[in-house]
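Participant: Any chance you can model this:
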Amino acid sequence: MHSHRLLVLSPQHRWHSDALGYSWPSGSPTHQIPLPLATLGSGLYLVHQSWQRLRHFKLPTLASVAGTLAVDVGLHAARLAYQFSLAQRESHERAEMLAWRLLDLRRKHEKLRIVGHSLGCRHIVEACSLMDPTERPDAVHLCAPALAMHELQPHVAFGRGLGRSSTTVYYSGKDLTLGILLRALLAGDQAVGEVGFRDSKEQLDPSVIAVDASRSLGGYYISAHTDYAHKFHYFARPDTPAIEKASQIS
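Facilitator: Below you'll find the model as predicted:
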């Protein structure tokens, strides 16, 4: 919401002060940084054992460190796979709920904007696909969308678009959360949130644009993927000045 407040004050964007936060069970992790629990546990156990026998203190071998790190990688990959699977299911099953919410906002406000991040972008795409094009949000902003190009392509091809007026995709090659961890779950495909429309095989609608947000985001992996919420005001593209209602989803 910090970025939203700054966009309200921006003479270039002129966003309205009204905003609605939307939460859904996307399965997103509480912490983006993987914790090496197995490695730490093994190390603490070794220190404890050596402390009991000071004369026989031993440093961990490379094989033992590699083994525990492999366990950590496997645990983190399994957690991410579960979260991604949950998000896919929930984004589809709850798409109608979000679509009805957007329709309700459309009836109450002349202009409507929606901003999504990562797995939330998948939810937005599912919801907008159920709506009549004339009733969709005026502007759709997708930050680090966790979708492959072939999943997004049907919704942004020439003659289409998620938003009535504009659809903007923000991406970054610095995002290793999408670049490494998610690629395995997408069967080798790169997420649009990492490479933009580089893999597009069809002409995109003129209302659809991609913005490289790398210069405004933090360091590799640790903060690049989660930095969108705090840095969105730096790279957000202005849309129709008349848009007065903001709806945010994460």
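Participant: which residues in this structure form strands?
Facilitator: 19-22, 113-117, 139-143, 166-171, 208-212, 246-249 (DSSP state E).
Participant: Could you verify my assumption that H123 touches A95?
Facilitator: Yes. Between H123 and A95 there is a contact under C-beta atoms under 8 Å: 6.8 Å. C-beta here means a position set from N, CA and C on the backbone, and glycine is covered the same way.
Participant: Those two: who's more crowded?
Facilitator: Higher neighbour count among H123 and A95: H123, with 25 against 21, using other C-beta atoms under 10 Å.
Participant: Can you give me the end-to-end span of stretch 122-140?
Facilitator: 12 Å (C-alpha to C-alpha, to the nearest Å).
Participant: Check which residues of it are buried.
Facilitator: Neighbour counts over stretch 122-140 (16 or more other C-beta atoms under 10 Å) mark 122-128, 131, 136-140 as buried.
Participant: Now it: average pLDDT?
Facilitator: Averaging pLDDT along stretch 122-140 gives 94.
Participant: now swap in stretch 147-161 and tell me
Facilitator: 91.
Participant: same check, this time on stretch 94-107
Facilitator: 92.
Participant: so where is this structure shaky, pLDDT-wise?
Facilitator: 1-2, 4-5, 9, 14, 21-81, 184, 219-222, 240-250 (pLDDT under 70).
Participant: 50 - rerun?
Facilitator: Scanning the chain for pLDDT under 50 picks out 28-40, 42, 45, 241-246, 250.
Participant: how close does H109 sit to L103?
Facilitator: H109 sits 11 Å away from L103, taking C-beta to C-beta, to the nearest Å as the criterion.
Participant: Perfect, I'm done here.
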